[in-house]
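[1] what shape does this take:
(chains A, B, C and D)
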4 protein chains.
Amino acid sequence: MYNSLGNILRLTTFGESHGAAIGGVLDGFPAGVELNFDEVEKQLARRKTGQSSLTTSRQEEDKVELLSGIKDGISTGHSIGFLVRNTNQKSDDYSHLEDVFRPSHADFTYQEKYGIRDVRGGGRASARETTNWVIGGTLAKQLIPNIQISSFVSSVEQVIYNYDPHSTDLTQIDSNSVRCPDNEKAKEMIAAIEKAKADGDSVGGTITCVIKNMPIGLGEPIFHKLEAELAKAMLTINACKGFEIGSGFTGASMRGSVHNDIWLEKGKTATNHSGGIQGGISNGMDILFRLAFKPTSTIMQNQATINTKDESITLEGKGRHDPCVLPRAVPIVDALAAFVLADMFLLSKIRKIS
Amino acid sequence: MYNSLGNILRLTTFGESHGAAIGGVLDGFPAGVELNFDEVEKQLARRKTGQSSLTTSRQEEDKVELLSGIKDGISTGHSIGFLVRNTNQKSDDYSHLEDVFRPSHADFTYQEKYGIRDVRGGGRASARETTNWVIGGTLAKQLIPNIQISSFVSSVEQVIYNYDPHSTDLTQIDSNSVRCPDNEKAKEMIAAIEKAKADGDSVGGTITCVIKNMPIGLGEPIFHKLEAELAKAMLTINACKGFEIGSGFTGASMRGSVHNDIWLEKGKTATNHSGGIQGGISNGMDILFRLAFKPTSTIMQNQATINTKDESITLEGKGRHDPCVLPRAVPIVDALAAFVLADMFLLSKIRKIS
Amino acid sequence: MYNSLGNILRLTTFGESHGAAIGGVLDGFPAGVELNFDEVEKQLARRKTGQSSLTTSRQEEDKVELLSGIKDGISTGHSIGFLVRNTNQKSDDYSHLEDVFRPSHADFTYQEKYGIRDVRGGGRASARETTNWVIGGTLAKQLIPNIQISSFVSSVEQVIYNYDPHSTDLTQIDSNSVRCPDNEKAKEMIAAIEKAKADGDSVGGTITCVIKNMPIGLGEPIFHKLEAELAKAMLTINACKGFEIGSGFTGASMRGSVHNDIWLEKGKTATNHSGGIQGGISNGMDILFRLAFKPTSTIMQNQATINTKDESITLEGKGRHDPCVLPRAVPIVDALAAFVLADMFLLSKIRKIS
Amino acid sequence: MYNSLGNILRLTTFGESHGAAIGGVLDGFPAGVELNFDEVEKQLARRKTGQSSLTTSRQEEDKVELLSGIKDGISTGHSIGFLVRNTNQKSDDYSHLEDVFRPSHADFTYQEKYGIRDVRGGGRASARETTNWVIGGTLAKQLIPNIQISSFVSSVEQVIYNYDPHSTDLTQIDSNSVRCPDNEKAKEMIAAIEKAKADGDSVGGTITCVIKNMPIGLGEPIFHKLEAELAKAMLTINACKGFEIGSGFTGASMRGSVHNDIWLEKGKTATNHSGGIQGGISNGMDILFRLAFKPTSTIMQNQATINTKDESITLEGKGRHDPCVLPRAVPIVDALAAFVLADMFLLSKIRKIS
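    Okay, the predicted model is just below:
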């Protein structure tokens, strides 16, 4: 339950992969904001299937209907309902999965928890849900227009691209199909994905998110620390298995004298091991976090597994799936980061009497 | 705001390091549970300062008063208020920090966000708050008595101890002061901490948490995935900079054919790269997660920084502080993990009509 | 903001009277419930416009689309999205209201609060929203099939029908167009409404709700008392101006020796001045509450008012409106009562360890 | 569960009548507010027992400890923990009630819901909890210093005093022990209470609340209408059985042409049948609501009832109790109204981009 994200700004979603529609309600959105719908379409196109050889060939239309809360392109302060009809589903694709628990999927846990599940396309567990997040997050972004959020693929399998605040050109993220700002590394990543695809296999990787032009003061000090809110949002992404902020796991092997970020002036430190957050609250430096994504569970190889009768069976690899979800996850990370920041931005407006 | 953790079970806390008291309210706790208060004392003793040479010499008394919601040792179903008086504070210790923004502390962000801050002992930002979490989490644990939660220090600075499900003896965690189940590695870790202490420096490290005897079906599929709830709770710990579940960041460089956890029978997989959670819901395997902790920000060396007038100054290293927070963070991780699981356990009871 | 009702079961809604659609998300609904969609249609038909001479002639289609969370007619435990397209709107009806603040409408307050408003059909303030509540509440009712909820019109203007637990025949509520179980009184009520209509005027009245077969133990003792939850839900109904439980305002003039409900046996008292709730929790007796509804604000007479420039003007009476909202409010009261009870029912399942 | 009131501003409470202490946490309170603690003491004194011949002789000390969230008398933006120790309890007073279900008390429902209850002084059901509300509400009031909230006793048993906006002198509320602004009516009310007391009986009555100097725009349009939030808060008061806003139940017998509040200018209407709220949002006129209170359940007469074995018994009337709770309920109504308004005030600050 509680298909809702956010504290003050709240996104509530619904929908299964092969149901009639997916959609949601964006609530708590202030009145008076001129909305940019092209930006919503643009971000959805980045998330879409079938955009390159790296992604599944399922063609989703993703035609968004914004049903309420907007007048003449301006938010009215009322809840914004939205809807995307599901089309191009091939439900018969899934008949062979009715009694099967696929490895590393949600099949078994859904069945046990609910006693009933919609096997078609993974039902509610499908990444199709992330369409809702891109819609909600891209609208939320419009509450914080000055903040720049840039996510990109920083590794695929063994190919690693390290972010460098001085040399990385964040404007180049969309210049290649894998969404790595370095075109040379991107080629290696694409090669790794295509190799895995040829093998009927899948690969994981990492996404790095850089947030610039941050206002000071976002985040709440105890249970709604900015990094905790970001971690929670990111760990909702289906294949995401890890989150680190600033120095992250690398910082765990450092000493304090090296790790401490020396203040040069208000809002500016010499290093940024803190990743832009101290005491749960943004300090004005760039926010930096990195996410681990496991390889896609669906592969085009035969695998051993069990069925609902607890019998050992062999699962054949077939269907339409991404060998690597990373490129399409980039706009999802952007959207969820925007959502968290917009929520914390609204909260921050009522924390001090002035 | 929102000093509350949890959905159905809710812990709301208050208190500053050097205020009159810290405490909180544990709400949503069912009636009829016989409470083990000794366990609360035991876990608080594990979190306490002054327990070994590795921790700060500040002597906190941590005398818990449970003020309501309990009759003859049994929960009544009403909110449980609790309180720990602050004693042994030395407020004059902090006078020199009134106008200073210490590196990598919450000083600057609190001042900017609120325009006012309690400089003594870090005020609300102090790790003293974690006492509240240990109390709330240890009570919550008693709702899920069969689940075994074992956290331990898995690295300090460069000294690494890798968990092995077959050889690691989780009963040995408290057999040494650093709380690593391997006594040889523990000695190396202690040496690393004492070396840093002698240098007036601090060190970071990692904590691994292993949760055994998990019921199937805890966690909600979209925005309250079990890993997302755990990540959020863990990232609230003051020095925590990273969270990974199952294969985590290592999984990002793997292929699906290797990473997939093959089902052997219901609730049992050949490998456990999923870390016991699939589709946001526990699958019956052990839950495994790992946390990165940065080195403590307070060090006993002089550091450059700025004051509230934005002037460059030198901060002298003095006071009472832990050179490494990891050993004392172990019971905090245990407590927060218990809290999240108990919350999700209660939620799971109303998700299916039977 | 917060277009959400409920604690554990949560209904989040959206939509304006003349927008593309209204709808919502019902979240927290347990898996495994066989849903009766005919009942939803039936209750919507009771709420519909154009059903008798007493109601507005606007013909709403109210075709519900249930978009998710259901498989083969059974709830899956996932959020249930739903939608009703708006049809038969006559937007040009409202052009003359663009700059006007109608008396006792939400025009002025919406304009001041948001700086923008959708004038067509009252926008978000329209009673069209109550369609969402009937859908959500009628689904929620299916979680508590044994509880019998019967609301009826107990007064219209000066015509009063007093509920009598012995003689009132609750099966007769729908036997007349005003929804009063006494057909003689119903005729008088209908006459009063038609007289007002002929005068271009409107009338108020009261609705009484009787809830039978109540389980003991619903409601929470402090801030979620059952009567408080009911009051809150009922006061959300657009024209509702008062709520009383049990003896209500009459009880205020009584003495304790007369008012006290003497226990005859467990779950049965000699009188029921408490209205079935003691200490915020249901005691097994019938729940009885009564609601006051003001007369509809829209009347077919000229009225003085102001425009957005603060100038005095005369507002002409025209358009399509109900002279009395009471008959159509009956299913709304039923639905909201069901929603509150279902929410409290789910909560009650995790309040005691057994 | 959920011993919490409020959306943005949140009061979470705990405590039983005869436990160690009562208290709570006030969360979401903005930083930078200079707090008036004398006002808290003053309002607590108005709520206190033993203040006149009309109230119980139990002498509560009500010594408030504010434990956190305040520095030098100014709010820091962090959660404010507070505590009142229970003193002067006579626990042996209650031994005879261990196995008894008193008429119209929470004894039976608590026992059934939780299977365990603290019989001393009513435990959590005691009106002692309202001390927490007065503390929280009086602090909340300081966020909205310009709003004037005046509650008073408007009837006791059959003695009625009608509020008149022109002649009622709200400065006279505390000029007599019953808290009615008309001293002549007050004498009659006091006589009625003393007569009931002499008879070993109790009486009910009504409280009217007038809120002046209201800002326009407080309240949310759908499920958090200002009247719904007020109704919910008021129905949490232990003996409260009814709530009406503006014309309330009287309005139910009126016609629209009479009931409509004609706009004279922005924020000013000719009549105020709406009670200062339209579409759920404050319109700038005074807020007017009225509450029904049943007579106290505890009387000094013998009554028939049952025990926990379902046997008929006779309950003797003894102990210390108020024959009429109305005078002491006045500051509680003030406090809860303030809390709701402060919560809605904070919410209103983030509903429009300006």
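[2] sort out which residues of the lengthiest helix in chain A are buried, please.
    When chain A is parsed with DSSP state H, its longest helix is helix A:326-348. Going by neighbour count (16 or more other Cβ atoms under 10 Å in any protein chain shown), the buried part of helix A:326-348 is A:326-348. No exception for glycine: its C-beta is placed from N, CA and C like everyone else's.
[3] tell me what that helix is packed against?
    Under the contact criterion of 3 or more Cβ pairs under 8 Å, 6 or more residues apart in numbering or on different chains; DSSP states H and E, helix A:326-348 touches helix A:37-47, helix A:130-141, strand A:148-156, strand A:205-212, helix A:226-235, strand A:287-293.
[4] so for chain D, which of the ones you listed sits nearest?
    Comparing these by their distance to chain D (Cβ to the nearest Cβ), the top pick is helix A:130-141, with 13.0 Å.
[5] what's the angle between the closest one and helix A:226-235?
    Using axes from the mean of the first three to the mean of the last three Cα atoms, to 10 degrees, the inter-axis angle of helix A:130-141 relative to helix A:226-235 is 150 degrees.
[6] quick one, helices of chain A?
    A:37-47, A:107-114, A:130-141, A:183-198, A:226-235, A:248-251, A:256-259, A:326-348.
[7] which single residue of the stretch 1-150 of chain A ends up nearest chain D?
    Residue of the stretch 1-150 of chain A nearest chain D, by Cβ to the nearest Cβ: residue A:32 (4.3 Å).
[8] return the distance of that residue relative to residue A:142.
    Distance, residue A:32 to residue A:142, using Cβ to Cβ, to the nearest Å: 11 Å.
[9] neighbour-wise, which of the two wins?
    The neighbour count for residue A:32 versus residue A:142, taken as other Cβ atoms under 10 Å in any protein chain shown, is higher for residue A:142 (18 against 15).
[10] for that one, what are phi and psi?
    phi -70, psi -10 (degrees, to the nearest 10).
[11] distance of it relative to residue A:4?
    20 Å.
[12] what's the answer for residue A:195, then?
    Residue A:195 is 40 Å from residue A:4, by Cβ to Cβ.
[13] the more surrounded of the two?
    When neighbours are counted by other Cβ under 10 Å, residue A:4 comes out ahead of the other of residue A:195 and residue A:4, with 22 against 14.
[14] I am assuming the more buried one contacts residue C:3, so please confirm or correct that.
    No. Checked against Cβ atoms under 8 Å, the pair residue A:4 and residue C:3 is beyond contact range at 11.4 Å.
[15] shared neighbours, these two?
    residue C:12 (Cβ atoms under 8 Å, 6 or more residues apart in numbering or on different chains).
[16] so for the residue lying closest to residue A:349 once chain neighbours are set aside, what pLDDT did the model give?
    Spatial nearest neighbour of residue A:349, excluding adjacent residues (Cβ to Cβ, 6 or more residues apart in numbering or on different chains): residue D:350 at 5.3 Å. Residue D:350 carries a pLDDT value of 93.
[17] count the neighbours of residue D:350 for me.
    Using other Cβ under 10 Å, residue D:350 has 20 neighbouring residues.
[18] thinking again about what came up before, how much space between the residue of the stretch 1-150 of chain A closest to chain D and residue D:127?
    45 Å.
[19] same question for residue A:218.
    Between residue A:218 and residue D:127 the distance is 42 Å, computed by Cβ to Cβ.
[20] the two: who's more crowded?
    The residue with more neighbours, out of residue A:218 and residue D:127, is residue A:218; 28 against 22, by other Cβ under 10 Å.
[21] report the contact partners of that one.
    By Cβ under 8 Å, 6+ apart, residue A:218 lies in contact with A:226, A:281, A:282, A:341, A:344, A:345, A:348.
[22] what residue ranges in the stretch 1-150 of chain A score low on pLDDT?
    By pLDDT under 70, the low-scoring segments of the stretch 1-150 of chain A are A:56-60, A:88-93.
[23] check it for the residue nearest chain B and tell me.
    residue A:106 (2.3 Å).
[24] does that residue touch residue B:274 like I think?
    No. The pair residue A:106 and residue B:274 does not pass the contact test of Cβ under 8 Å, sitting 10.3 Å apart.
[25] who's more crowded, the two?
    More neighbours surround residue B:274 than the other of residue A:106 and residue B:274, with 29 against 25 (other Cβ under 10 Å).
[26] so what does the more buried one have for phi and psi?
    Here is the backbone geometry of residue B:274 (degrees, to the nearest 10): phi -70, psi -20.
[27] tell me how far it lies from chain A.
    For residue B:274, the distance to chain A (Cβ to the nearest Cβ, to the nearest Å) stands at 6 Å.
[28] out of the helices of chain A, the one nearest residue B:79 is which?
    helix A:226-235 (23.9 Å; Cβ to Cβ).
[29] how about the nearest residue to residue A:175, chain neighbours excluded?
    residue A:183 (6.4 Å).
[30] that neighbour contacts residue A:174, doesn't it?
    No. Look at residue A:183 against residue A:174 with Cβ under 8 Å: they stay out of range, at 11.5 Å.
[31] just list the residues touching residue A:322, thanks.
    Residues in contact with residue A:322 (Cβ under 8 Å, 6+ apart) are A:49, A:54, A:55, A:56, A:202, A:296, A:328.
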